[in-house]
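>>> sequence plus the predicted model coming up.
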Amino acid sequence: MRLMQGKVRGTDVIRAGREAWVENSANLAAAMGLKIGSFRNQRPWEQKGFPAVISPPEARAKLWDGEQTAAFLTGRPVPALPDADSDEDLLERTEAADFLEVSPKTWDTYKKDPRIAPHLVIVAGVEHCPRGVLRAFRTMPAPAASARPAHRPRGSGDMVPRDELPARVAALLDADPGLTIAGVQDALGIAYATAARMLTRLRGERIAALLVADADLTAQQAAQRLGYPTAVHRAAIAYARTEVRARAIRPYLQSVVDVLVAERLVEPQDITTVQVREDVLAAAVVLSSTAPAAALVWDERWGWRTAASRRHPIGRESGNPPRGEVIRYLSPHQQPTAREVLDALFDGRRGSSRPMQRRLEERLDN
């Protein structure tokens, strides 16, 4: 016997701080021990008392609060979700359109605006925007195409050399944690998108530094301690979380590079990571002409592989493991030893044309 009668009261937004609980149809089906096809055919969300979706009826994908569904499935009282609106609430496409009083099709254009795009976040496979960003967008005048600081000639590039930008913007942020994109533009005469990207990166790096230094600190607390406006928390925290993972993996990647340097396969270098998909990290090392491959690429989904291009070793991101005549995945492990990578690089019989870890998972699934 279920402990609640009728439809559990839901909400059409992801409430502030609850994104970790969000689950889509595939997540919920797995939690219920159902194949996705059976889940859709059985439509368990229509049962009496089943927690309401937290996405609007017209949304392309259904989402639920996992704490609510877990309680329902185990016969426990289903907790209510917060009622109060917050600038940290996350709104899906149709919700964002309603908030701005435009059509979803118009929102698809609006979301590309540099005042919005850096703050978008993917939750359970669905794109959302923080309420505070939408509120600011609605009240902020759009930058005119011809509007530029008086000291920046029309048609000119950024006034500050690219390699000096981080230090210059960092100094401005030191002086004013609430620094706005417009403030950076006025001070440095740089493009709107460049200012937005640089501010998000610097705030994210500083939040990450606090999180590494204090394991008991939450990302939200770190952002508040640094004095950052609530409207920018979402984008900065997302960057910070990726940066924390990047800092954790760099020592391993550098240890592999150092072995390659010792073998005279690469020039001495400090390894850097890049974000290739949402929060997926990758790194590339261009090899010397005496090596059996043009480059090595590490991807946290698939580990080490060879690459054909020295200029663009990582290649275009598609969500699928890259494949090609010269591409070999060198180990089933995400972090094999440097010696294992080196041995597999020179032994063409080792490795696979697709990730070995994924092949293992496929066999287990079947």
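Arrived safely.
>>> can you map out the strands along the stretch 151-300 of the chain?
274-277, 280-286, 295-299 (DSSP state E, counting those that start in this stretch).
>>> list the helices and strands the longest one packs on?
Under the contact criterion of 3 or more Cβ pairs under 8 Å, 6 or more residues apart in numbering; DSSP states H and E, strand 280-286 touches helix 233-262, strand 274-277, strand 295-299. C-beta here means a position set from N, CA and C on the backbone, and glycine is covered the same way.
>>> what sits against His128?
For His128, the contact set (Cβ atoms under 8 Å, 6 or more residues apart in numbering) comprises Ile14, Leu90, Leu91, Glu92, Ala96, Leu120, Val121, Ile122.
>>> which regions of the protein sit below the pLDDT cut-off?
Counting by pLDDT under 70, the chain has low-confidence residues at 1-11, 140-163, 278, 357-366.
>>> can I see the domain layout of it?
1-140, 162-228, 249-365 (automatic domain parsing).
>>> need these in JSON lines with distance to Thr242, can you?
Below are the domains of the chain laid out as JSON lines (distance: least, Cβ to Cβ, whole Å):
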{"stretch": "domain 1-140", "distance to Thr242": "12"}
{"stretch": "domain 162-228", "distance to Thr242": "8"}
{"stretch": "domain 249-365", "distance to Thr242": "5"}
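>>> wait, which of the ones you listed is closest to Ala236?
domain 162-228 (3.8 Å; Cβ to Cβ).
>>> how far out from the middle of the chain is the closest one?
With Cα atoms, centre = their mean, to the nearest Å as the basis, domain 162-228 stands 18 Å off its chain's centre.
>>> likewise for stretch 264-282?
With Cα atoms, centre = their mean, you get 17 Å for stretch 264-282.
>>> to Ile237, which of the domains of the chain lies closest?
domain 162-228 (4.4 Å).
>>> got the helices and strands packed on strand 280-286 as TSV, with distance to Ser25 and mean neighbour count columns?
Converted to TSV, these look like this (distance: least, Cβ to Cβ, whole Å; neighbours: other Cβ atoms under 10 Å):
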stretch	distance to Ser25	mean neighbour count
helix 233-262	24	19
strand 274-277	21	15
strand 295-299	27	23
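>>> with distance to Arg316 added, can I get those in a markdown table?
Converted to a markdown table, those look like this (distance: least, Cβ to Cβ, whole Å):
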| stretch | distance to Arg316 |
| --- | --- |
| helix 233-262 | 20 |
| strand 274-277 | 9 |
| strand 295-299 | 13 |
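>>> re earlier: let me have the strands of the stretch 151-300 of the chain in CSV, extended by distance to Arg339.
Formatted as CSV, the strands of the stretch 151-300 of the chain follow (distance: least, Cβ to Cβ, whole Å):
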stretch, distance to Arg339
strand 274-277, 25
strand 280-286, 16
strand 295-299, 14
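>>> for Ala71, find the nearest of these.
Closest approach to Ala71 among these is made by strand 280-286 (31.8 Å; Cβ to Cβ).
>>> what residues does the nearest residue to Gln275 once chain neighbours are set aside make contact with?
With sequence-adjacent residues excluded and distances taken as Cβ to Cβ, 6 or more residues apart in numbering, Gln275 is closest to Thr242, at 5.6 Å. Residues in contact with Thr242 (Cβ under 8 Å, 6+ apart) are Gly204, Gln275, Asp279, Leu281.
>>> is the second one bridged to anything, and to what?
What that stands for is Gln275. Note on Gln275: beta-bridge partners Leu281, judged by DSSP bridges.
>>> what distance do you get for it to Asn320?
Note on Gln275: its distance to Asn320, by Cβ to Cβ, to the nearest Å, is 18 Å.
>>> cool, and the first one?
Distance check for Gly204 against Asn320: by Cβ to Cβ, it reads 28 Å.
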